[in-house]
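Asker: below is the sequence, then the predicted model.
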Amino acid sequence: MQQVKLVSTGGKLTFSLSGEIDSASSEDFYAVVRAAYLNEKKDVVFDCAALTFIDSTMLGTFVKIFKELKADGFKCSLTNVQPRIRKLFEICAIDTIMEIGR
């Protein structure tokens, strides 16, 4: 199953995330997102409705993406985040720099 899929390139780059994304898949995740972003620089939205697990490596990857977009004047946000995953972002205070929607 593909864990990250570009689903829309309208006004924003929207990625659908699914399953478990952790240290084993974080480099591939970053490469897919970065390639799409460099091809078409826009705000990035991650739809996390089907995302069931992330680890601390992925938290760092989200921050890395956020910083790159911010440096270019773009935004990064997450939508449909399950409460258990949202709590990880809150514990690490990442929700204070990124928009983490429910």
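Answerer: Structure's in. What do you need? Numbers count the residues shown, from 1 in each chain.
Asker: show me where the chain has helices.
Answerer: Along the chain, counting by DSSP state H, helices occupy 26-39, 56-71, 83-91.
Asker: list the buried residues for the second one?
Answerer: By that I understand helix 56-71. Across helix 56-71, burial judged by 16 or more other Cβ atoms under 10 Å covers 58, 59, 61, 62, 65, 66, 68, 69. Yep, even glycine has a C-beta here, placed from its N, CA and C like the rest.
Asker: what residues are up against the third one?
Answerer: Read it as residue 61. Residues near residue 61 by Cβ atoms under 8 Å, 6 or more residues apart in numbering: 26, 29, 30.
Asker: where does this structure dip in pLDDT?
Answerer: The model of the chain has pLDDT under 70 over residues 1-2.
Asker: ok so, going back, which stretch among the helices of the chain comes nearest residue 97?
Answerer: Closest approach to residue 97 among the helices of the chain (Cβ to Cβ): helix 56-71, 6.5 Å.
Asker: what residues sit buried inside the strand with the most length in the chain?
Answerer: Taking DSSP state E as the criterion, the chain has its longest strand at strand 44-54. In terms of neighbour count (16+ other Cβ under 10 Å), strand 44-54 has its buried residues at 44, 45, 46, 47, 48, 51, 54.
Asker: by contact count, what packs against it?
Answerer: Applying 3 or more Cβ pairs under 8 Å, 6 or more residues apart in numbering; DSSP states H and E, one finds that strand 44-54 contacts strand 13-21, helix 56-71, strand 76-79, helix 83-91.
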